[in-house]
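S.K.: What follows is a predicted protein model with its sequence.
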Protein chains: 2
Amino acid sequence: MTPDAAMRTREPLPLTAVTIDDRFWTPRRELIRTRTLRQQERQMRRPGQQFDALTLTWRPGDPHEPHIFWESDVAKWIEAASHCLATADDPDLDRAVDEAIELLAGAQQDDGYLNVYFTVVKPGQRFTDLRDAHELYCAGHLIEAGVAHFEATGKTRLLDIVRRYADLIDTVFSPDGPCAGGYDGHQEIELALVKLYRATGERRYLDLSRRLIEWRGQQPYYFELEFQRRGTPGYFGTTLPRRPEATRRFREYNQSHQPVADQAEVVGHSVRAMYMYSAMTDLADEYGDDRLLQAVQRLWANLTTKKLYITGGMGSDPSIEGFGPAYDLPDAHGYAETCASIGLVQWAQRMSNLTGHGHYIDTLERALYNGVLSGASADGTHYFYGNPLASGGTVARQEWFDCACCPPNLARLISELGRYVYAQGPNEAVINLYVAGTGRFTLTGGEVTLRQDTRYPREGHLAVTVTPAGDEAEFTLAIRIPGWSRQPAITVNGEPVHQPILRDGYLTLSRRWRAGDLVEIDLGLEVRRTWAHPAVASAAGKVALERGPVVFCLEGVDHDGAVHNLALPRDVPIRAVPDERTGVVTLHADATADTTAGDQLYVSHSPGRRSTALTAVPYFSWANRGLSDMTVWIRDG
Amino acid sequence: MTPDAAMRTREPLPLTAVTIDDRFWTPRRELIRTRTLRQQERQMRRPGQQFDALTLTWRPGDPHEPHIFWESDVAKWIEAASHCLATADDPDLDRAVDEAIELLAGAQQDDGYLNVYFTVVKPGQRFTDLRDAHELYCAGHLIEAGVAHFEATGKTRLLDIVRRYADLIDTVFSPDGPCAGGYDGHQEIELALVKLYRATGERRYLDLSRRLIEWRGQQPYYFELEFQRRGTPGYFGTTLPRRPEATRRFREYNQSHQPVADQAEVVGHSVRAMYMYSAMTDLADEYGDDRLLQAVQRLWANLTTKKLYITGGMGSDPSIEGFGPAYDLPDAHGYAETCASIGLVQWAQRMSNLTGHGHYIDTLERALYNGVLSGASADGTHYFYGNPLASGGTVARQEWFDCACCPPNLARLISELGRYVYAQGPNEAVINLYVAGTGRFTLTGGEVTLRQDTRYPREGHLAVTVTPAGDEAEFTLAIRIPGWSRQPAITVNGEPVHQPILRDGYLTLSRRWRAGDLVEIDLGLEVRRTWAHPAVASAAGKVALERGPVVFCLEGVDHDGAVHNLALPRDVPIRAVPDERTGVVTLHADATADTTAGDQLYVSHSPGRRSTALTAVPYFSWANRGLSDMTVWIRDG
């Protein structure tokens, strides 16, 4: 199904080829399946909410006008549930998914169209407000759900529904169709169409995706034409700003300010950006398009050297849910939407598989273990939309949002984790993430199963057992070595490997493997002090603590005073202590704290200092013990 | 005209009794009169703006629907211009003011009503949306303008207009009137009515003010009753929130969450708060109301020990233009509206005159020389609405705002400065602010003129020459000694005063004064390092620089690197250097700065340090040299 031009060096294993049996991840994934997805279903089943809307019974004047992007919530929920069903036997969930799919089937129009808002609220206005109305965005999530449900269960019901809808869109957005030159204000369908192409082999879905990407940002400007044709402001109630600089900013918001392949700076709404860059990477791959490849490499460098929080969060400007200027990474007053970190995980995997470089996975881990995981509470039923790096003690996760994009998005990523653990090249089995369990590879050298045993991220030791389908198989085993691992200790069958081949961030072992061959790696999980570039104001004079992929933070609940008053001397040792029950590691050190004298707000004497014990907890675990202040960046020295 | 119960110890001198001939203030005041007021008039004369609206020619469907509080902009502009006319001969300005007054006269209805919005946009809906529609707020500013114009020029045209409107309001809000129990969502008229009472001697204006203050926050809750009567959401489109905690927060927004005299914490919209506390102080004074006095003293203590920026700015939460929790004073992401600092100046003066305490004037100076003055550009034509304590270099003053409350408010305060310099008690002449010029006092001991010679705030020396109307006069001369002045050196006619009487923050000299008697004070203007209470996160590990009443900041334009990377060692001396042309003092010290190595965003080695020269400029002067980053709080040590 892949055109000859395809560039990629590797592709993910399908979910059905991966098992996960991991102390860190398995409880979190079970929580998603048994609790989170149920809680989300209940939210969407409330009267007047998502499921009701799909019955198309709403009439003007009724309460609960269907929201423009409610399908996307349902779709992400179906996709998450499908990922679960790929490896878990869960008849209740299977039934709930089928029910939701039947609701979608009932909402589909005769010509394949499937969008509640433009069916019952604004009939006759399909595809006239692409800039604001999220129509193709919803379609994209439906398509992803259809592909995921098919791949997990083999059922074609939803896949057929979304193919009919995609066929309609393909016609409307054909080069001589009524929306030629158009594209959605919120990118998403572009990457979904690549998935649909890969699942069905229908090349026209891929070509449609490419058209939407190539049309974006061209002149004449589509959203201006659309506005003139429509004659009324878009859903968000604003006309296009007239002043040149406002126009530029408005167009940057949805990355339509210039042709996509020319873009060099990550700007605008962060989730839109991540989804678009993911699609661009897919299309660079499928078409062997070097200009797109260079574009995503430029954008990646810009993101990771100028605009990424240490937690893998991004999009520091709440007013646009998106990127600020370079190095503008405020802590308490930033944004860092959970969905953006999820999008980064998706994009990083594509970049790594396309180029074969492991450093993309370093960033993937940064996002996954920090900015993504922090998005849900320990009990899996409350969510952050923004993930700030500091808090004055007033921030708590919520049960649901009016715009509930993050909760099901997080559920689908964690339930799809299996696709991120491994990758395979023609005769290469790749381990990207340290997750206990197995991956089954189909290589030119034969079928091979790798078993990982590890207590990562609590410990840095990894044991990989190789089991070829036959007695032996000749292939390359590539195991990612994170950039922070300075001196990994490596053995094969107990023999130290003194001069390991480390290429592009991977330990590369090419040999004839026999059943039971054992590779062991000790990454050396030291606590690391990390400093930000001096241009980052919120981190000036401060230090962060990391261990493996986990970023730590201080919470007020562990200290008898405000965490911003704690300072960590440069020379004190930091002890990592795992909790034996949960496996979660906390850090401990001797520190100092400002002391309070009197209740004057401003005084002419410097604050006193006292010795105190500092406790740092993983960022992903914060805000699970009641309201408490928090900071990732700790005063240094 | 003062009821017997009046509590106050002092009152301001009228503007016409004060001259200002001051190196710091005179150029700024001339700029207001010759440039700022003209620029503001041009803004309000644009088609479809304030002046047009007053013609009442707008009809539904026309562009430029009159804004609900445009009268207040015009009124503040008239008030500012009137203050100028009190001491300056400016026929052009006089004519422009008369023209604006005639527009107001033309907009007044037969029954005295005067509000464009409810005359042409929502006729028949007067006084039905007190919570949101700013109707009495606008009336209050009109009343203040009428009083100021009368006092400055002796003309009664505008005073007569606003008296007719106040008479109508008095009827509508009488205890058996249609709006009995009601009050405006934006306080302002309460303090205006006290001024109207003092100007006219009509006690019913004072009683109306007291009713509005006493009804506020009582049960049943007026805005709920009003909402039920009206049956539609208010101007701001929201119904009253139903959830208990949201209701509380919503009511706090306009300080109607509990009876005014019971309030103990400054909450909600900061400008509303300052205006209300000012009115409460006036009423405590006029009625000898001890409960109100205790309330404003509690609120003052809460503000100044928990919620006031070092610049005299306040209201740290942009989402409500108001107060956050105690100690929540973010620097780059705060708010600190210019109008709130102006309101604090007004309130502080009232507190000082009521109680005779000088520390209120310390806070007045803090606001005046910092958070107020920063509100306008050096050329007097661009304005800040919010006055942040740090900036990443993206903040600039603007020419105008859709909600243009701050620009004319700042103009009226600076042009009214004369009322803040002096105060008089029965036989006491008080100097509150060091401003070169004269004040003419009418004391029981006779008429006395004081002349101040000073280059404050550039220098800390003050010379006061006493000139009784006759040969001599026996009275008390009280000169405020700021709290930061540790060892003021005092002489009378060249003789050192070794054991000065310092009472309630004033140097108190009671004697028989002869013409030419000379009091000299040297306050000792040392540069001060100031630290915030450790609970203030944005100032943790940081220090601010002050000298006299002036707070300093670092601007990027003076440094070859980001200002957040500068650190000021504890032990280095700080030199104060005045600019000979402008008189503006800058501070200079040896400091260190982080150095950049490479373009990685996160690294495992601490930043290097280099020696550098630190330059601090007055906060009020920042953002006058192009876009530049800025910080008030400097890394300490």
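M.R.: Structure received.
S.K.: what number of residues lie near residue A:218?
M.R.: Residues near residue A:218, counting by other Cβ atoms under 10 Å in any protein chain shown, number 14. Glycine gets a C-beta too; all of them are placed from N, C-alpha and C.
S.K.: ok, now which ones touch the closest residue to it other than its chain neighbours?
M.R.: Spatially, and ignoring its direct neighbours in sequence, residue A:218 is nearest to residue A:259 (5.9 Å; Cβ to Cβ, 6 or more residues apart in numbering or on different chains). By Cβ atoms under 8 Å, 6 or more residues apart in numbering or on different chains, the residues touching residue A:259 are A:214, A:216, A:217, A:218.
S.K.: Please apply the same query to residue A:534.
M.R.: Residue A:534 makes contacts with A:540, B:561, B:562, B:565, B:594, B:595, B:596, B:607, as judged by Cβ under 8 Å, 6+ apart.
S.K.: possible to save these as JSON lines with secondary structure and pLDDT?
M.R.: Shown next, in JSON lines, are the contacts of residue A:534 (DSSP: H, G, I helix; E, B strand; the rest coil; pLDDT from 0 to 100):
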{"residue": "A:540", "secondary structure": "coil", "pLDDT": "96"}
{"residue": "B:561", "secondary structure": "coil", "pLDDT": "82"}
{"residue": "B:562", "secondary structure": "coil", "pLDDT": "92"}
{"residue": "B:565", "secondary structure": "helix", "pLDDT": "95"}
{"residue": "B:594", "secondary structure": "strand", "pLDDT": "95"}
{"residue": "B:595", "secondary structure": "strand", "pLDDT": "91"}
{"residue": "B:596", "secondary structure": "coil", "pLDDT": "80"}
{"residue": "B:607", "secondary structure": "coil", "pLDDT": "90"}
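S.K.: which of these are buried?
M.R.: Among the contacts of residue A:534, those scoring as buried are A:540, B:561, B:562, B:565, B:594, B:607 (criterion: 16 or more other Cβ atoms under 10 Å in any protein chain shown).
S.K.: Setting aside sequence neighbours, what's the nearest residue to the fourth one?
M.R.: I take that to be residue B:565. Distance criterion Cβ to Cβ, 6+ apart; nearest residue to residue B:565, sequence neighbours excluded, is residue B:594 at 4.0 Å.
S.K.: If you count contacts, what does the lowest-mean-pLDDT helix or strand in chain A end up packed against?
M.R.: Scoring the helices and strands of chain A by mean pLDDT, DSSP states H and E places helix A:244-253 at the bottom, with a mean of 81. Under the contact criterion of 3 or more Cβ pairs under 8 Å, 6 or more residues apart in numbering or on different chains; DSSP states H and E, helix A:244-253 touches no helix or strand at all.
S.K.: Show me the contact partners of it.
M.R.: By Cβ under 8 Å, 6+ apart, helix A:244-253 touches A:217, A:221, A:223, A:240, A:241, A:257, A:267, A:268, A:269, A:272, A:320, A:322.
S.K.: To which secondary structure element is residue A:453 assigned?
M.R.: strand A:446-454 (DSSP states H and E).
S.K.: can I get the CA coordinates of that strand in PDB?
M.R.: Only the C-alpha atoms of strand A:446-454 are listed here, as PDB (Å, rounded to 0.1, in the frame of the first residue of the first chain):
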ATOM      1  CA  GLY A 446      11.700 -13.900   9.900                       C
ATOM      2  CA  GLU A 447       9.200 -13.300  12.700                       C
ATOM      3  CA  VAL A 448      10.700 -12.300  16.100                       C
ATOM      4  CA  THR A 449       9.300 -11.600  19.500                       C
ATOM      5  CA  LEU A 450      11.100  -9.300  21.900                       C
ATOM      6  CA  ARG A 451      10.300  -9.400  25.600                       C
ATOM      7  CA  GLN A 452      11.200  -6.400  27.700                       C
ATOM      8  CA  ASP A 453      11.600  -6.700  31.500                       C
ATOM      9  CA  THR A 454      12.000  -3.400  33.300                       C
END
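S.K.: which parts of that strand are buried?
M.R.: A:446, A:448, A:449, A:450, A:451, A:452, A:453, A:454.
S.K.: What residues does the stretch 401-550 of chain A have near chain B?
M.R.: Applying Cβ under 8 Å from any Cβ of the partner chain, one finds that the stretch 401-550 of chain A approaches chain B through A:484, A:528-537, A:540-541, A:543-544.
S.K.: hmm, back to that, only whichever of the contacts of helix A:244-253 are buried, select them in PyMOL.
M.R.: Filtering those down to the buried ones (16+ other Cβ under 10 Å) takes a single PyMOL command:
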select buried, chain A and resi 217+221+223+240+257+267+268+269+272+320+322
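S.K.: so can I have CSV of the contacts of helix A:244-253 showing secondary structure and pLDDT?
M.R.: Shown next, in CSV, are the contacts of helix A:244-253 (three-state DSSP; pLDDT from 0 to 100):
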residue, secondary structure, pLDDT
A:217, coil, 97
A:221, coil, 95
A:223, helix, 94
A:240, coil, 53
A:241, coil, 54
A:257, coil, 96
A:267, coil, 97
A:268, coil, 96
A:269, strand, 96
A:272, helix, 98
A:320, helix, 90
A:322, strand, 95
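S.K.: on that earlier part again, now the least confident helix or strand of chain A: buried residues?
M.R.: Quick answer for helix A:244-253 (16+ other Cβ under 10 Å): A:250, A:251, A:252, A:253.
S.K.: How about stretch A:258-276?
M.R.: A:258-261, A:263, A:265-276.
S.K.: ok, now stretch A:122-131?
M.R.: A:126, A:127, A:128, A:129, A:130, A:131.
S.K.: Show me the residues you listed that map onto strands.
M.R.: Using DSSP state E to define strands, no part of the buried residues of stretch A:122-131 is located there.
S.K.: Now the stretch 201-350 of chain A against chain B: closest residue?
M.R.: Nearest residue of the stretch 201-350 of chain A to chain B: residue A:333, at 3.7 Å (Cβ to the nearest Cβ).
S.K.: If we ignore the residues flanking it in sequence, what's nearest that residue?
M.R.: residue B:333 is the one closest to residue A:333 (Cβ to Cβ, 6+ apart), at 3.7 Å.
S.K.: For whichever residue of the stretch 51-200 of chain A sits closest to chain B, give its distance to residue A:49.
M.R.: Nearest residue of the stretch 51-200 of chain A to chain B (Cβ to the nearest Cβ) works out as residue A:63 at 13.5 Å. Distance of residue A:63 to residue A:49, given as Cβ to Cβ, to the nearest Å: 11 Å.
S.K.: Looking at the two, which is more packed in?
M.R.: Using other Cβ under 10 Å, the more surrounded residue of residue A:63 and residue A:49 is residue A:49, with 20 against 7.
S.K.: ok, the more buried one touching residue A:41?
M.R.: No: counting by Cβ atoms under 8 Å, residue A:49 does not reach residue A:41; the two are 10.6 Å apart.
S.K.: List just the nearest of the residues of the stretch 401-550 of chain A next to chain B to residue A:326.
M.R.: When these are ranked by distance to residue A:326 (Cβ to Cβ), residue A:535 comes first, at 7.4 Å.
S.K.: picking that back up, of all the residues of the stretch 401-550 of chain A next to chain B, which comes closest to residue B:387?
M.R.: residue A:537 (18.1 Å).
S.K.: That closest one: what's its closest spatial neighbour, skipping adjacent residues?
M.R.: residue B:564 (4.2 Å).
S.K.: Low-confidence ranges, the stretch 101-250 of chain A, go.
M.R.: Confidence mapping of the stretch 101-250 of chain A against pLDDT under 70 gives the ranges A:237-245.
S.K.: Can you report phi and psi for the spatially most central residue of chain A?
M.R.: Among the residues of chain A, the one closest to the centroid is residue A:342, at 1.2 Å (Cα atoms, centre = their mean). Dihedral pair for residue A:342: phi -60, psi -40, per degrees, to the nearest 10.
S.K.: Alright, calling it a day.
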